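Peer 1: dropping a prediction and its sequence here:
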Amino acid sequence: MKAIVHEGKEGLAGLKVKPMEEKEPAGFEVKVRIHTAGMNRRDLAVASKRHKAEDPAVILGSDAAGVVEETGSEVTRFKKGDEVIINPGLGWKENSDVPPEGFEIVGFPGHGTFAETYISTEDHLEMKPKHLSMEEAGVLALAALTAYRALFTRGRAKEGDTVMLPGIGGGVLTYALKFAKAEGARVIVTSRSSEKLKQALDAGADKAILTDSDWSEELADERIDLLIESIGAATFHQSLRTVRKGGTIVTFGSSTEDEVSLNLREFFYGQYNLLGSTMGSAEELRAMLAFIERHNIHPEVDRMFSIDQAAEAFEYIRDTKNFGKIGFQMS
């Protein structure tokens, strides 16, 4: 089968499109013919930093949607022809405060979804939401699950809250925007790109400001209950100054520097809440799927690439050109 792999060289120079062994399912395994495979910044991190030149070749990718082609003899939940999505989380079944020991994500260290077929155990598959196209379903799971856990499990967003999303543009925050609006929250976004601010307003944001502006001035009349932080050191202090006293910051990423300093006295007098969040459990994935079906939410799909455009796709997400999700059309 044809696949996008990383091997032999450091960084994006190690990207290749090459034939890989196509395996058959056994026991509780299901073979899925991939239609669409969504791309995440995690794929860029694996190719750029985490997978080394001396490591065995790895098929990249964590997200995908497709059709069940074959099932192992013990499979009971799925049959040939079912349209399914891949759960990118391995070993995290029930919702819990932290991922359990042994939790991993599809696409590293094991093989991922950027291939014509993928073998999964049946408990790591879910039926594709009926209202989504294959293209939409293929770019859904990892980013939408990350947004759902950060917003609802950790941030406890509710109707009437004001939610702020600095750095709108990527998959997680575009999902967070749509989820928060569906829940009845007011949503404020920031971006360095005027075009992305316009796109966010078109997608439902109530207010959009430039990331490099003076937030205290721009938001003087706002009361921020919950702020979803993913930029890191470049915006963290503005984020902390912006959220209301007693408000909450949930962080799930750090696209700039990881380390920040904190004035503890100001922090505890302000009664702030600072919470970390990582992707999510299978239980939360099913809750997220029910949520998007109930509210008829569709992913923001920016662009789809062919498998032979792998290098172009990785450069596109590296340069943060996307608003919403990108992915590969596999068949």
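Peer 2: Sure thing, it's come through.

Peer 1: rest of the way, CA atoms for contacts and neighbours
Peer 2: Will do.

Peer 1: compute the first-to-last residue distance for stretch 90-99.
Peer 2: 10 Å (Cα to Cα, to the nearest Å).

Peer 1: which other residues reach it?
Peer 2: For stretch 90-99, contacts defined as Cα atoms under 8 Å, 6 or more residues apart in numbering pick out 100, 102-106, 124, 278, 280-284.

Peer 1: go again with 7 Å.
Peer 2: 100, 102, 103, 104, 105, 106, 281, 282, 283, 284 (Cα atoms under 7 Å, 6 or more residues apart in numbering).

Peer 1: then stretch 130-148?
Peer 2: The contact list for stretch 130-148 (Cα under 7 Å, 6+ apart) reads 35-39, 63-65, 85, 87-88, 128, 171-173, 175-176, 278-280, 285, 288, 298-299, 301, 325, 327.

Peer 1: picking that back up, lowest-confidence one in the contacts of stretch 90-99?
Peer 2: Least confident entry in the contacts of stretch 90-99, by pLDDT: residue 102, with 94.

Peer 1: would you map the helices across the stretch 1-150 of the chain?
Peer 2: 41-45, 134-138, 141-148 (DSSP state H, counting those that start in this stretch).

Peer 1: quick one: which of those is nearest residue 22?
Peer 2: When those are compared by Cα to Cα, helix 134-138 sits nearest residue 22, at 20.3 Å.

Peer 1: so how far is that closest one from its chain's centroid?
Peer 2: 14 Å (Cα atoms, centre = their mean, to the nearest Å).

Peer 1: swap in stretch 180-192?
Peer 2: 17 Å.

Peer 1: buried ones in that stretch, by neighbour count?
Peer 2: 180, 181, 182, 183, 185, 186, 187, 188, 189, 190, 191, 192 (16 or more other Cα atoms under 10 Å).

Peer 1: again with stretch 56-75
Peer 2: Buried-residue list, stretch 56-75, by 16+ other Cα under 10 Å: 57-72, 75.

Peer 1: how about stretch 304-315?
Peer 2: So for stretch 304-315, counting by 16+ other Cα under 10 Å, buried means 304, 305, 307, 308, 310, 311, 313, 314.

Peer 1: spatially nearest residue to the second one, not counting backbone neighbours?
Peer 2: Going back to what we said before, that points to residue 305. Nearest-residue entry for residue 305: residue 328, 4.7 Å, with adjacent residues in sequence omitted and distances by Cα to Cα, 6 or more residues apart in numbering.

Peer 1: so how many other residues sit close to that neighbour?
Peer 2: Neighbour count of residue 328, defined by other Cα atoms under 10 Å: 27.

Peer 1: before we move on, the earlier item: quick one: which of the contacts of stretch 90-99 is nearest to residue 113?
Peer 2: residue 106 (7.6 Å).

Peer 1: residue 114 versus that closest one, what's the distance?
Peer 2: Taking Cα to Cα, one finds residue 106 at 11 Å from residue 114.

Peer 1: follow-up on the earlier one: turn the helices of the stretch 1-150 of the chain into TSV, columns for mean neighbour count.
Peer 2: Listed next are the helices of the stretch 1-150 of the chain as TSV, based on neighbours: other Cα atoms under 10 Å:
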stretch	mean neighbour count
helix 41-45	17
helix 134-138	26
helix 141-148	27
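
Peer 1: possible to save those as JSON lines with distance to residue 206 and mean pLDDT?
Peer 2: Output for those, formatted as JSON lines (distance: least, Cα to Cα, whole Å; pLDDT from 0 to 100):
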{"stretch": "helix 41-45", "distance to residue 206": "26", "mean pLDDT": "96"}
{"stretch": "helix 134-138", "distance to residue 206": "24", "mean pLDDT": "98"}
{"stretch": "helix 141-148", "distance to residue 206": "18", "mean pLDDT": "98"}
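
Peer 1: and residue 217, what does it touch?
Peer 2: By Cα under 7 Å, 6+ apart, residue 217 lies in contact with nothing.

Peer 1: CA atoms only for the helix or strand hosting it, dumped as CSV, please.
Peer 2: In the assignment (DSSP states H and E), residue 217 maps to helix 215-218. Extracted C-alpha coordinates of helix 215-218, given in CSV (Å, rounded to 0.1, in the frame of the first residue of the first chain):
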residue,chain,number,x,y,z
TRP,A,215,-5.9,43.4,25.0
SER,A,216,-6.7,45.4,28.1
GLU,A,217,-7.8,48.3,25.9
GLU,A,218,-9.6,46.2,23.3
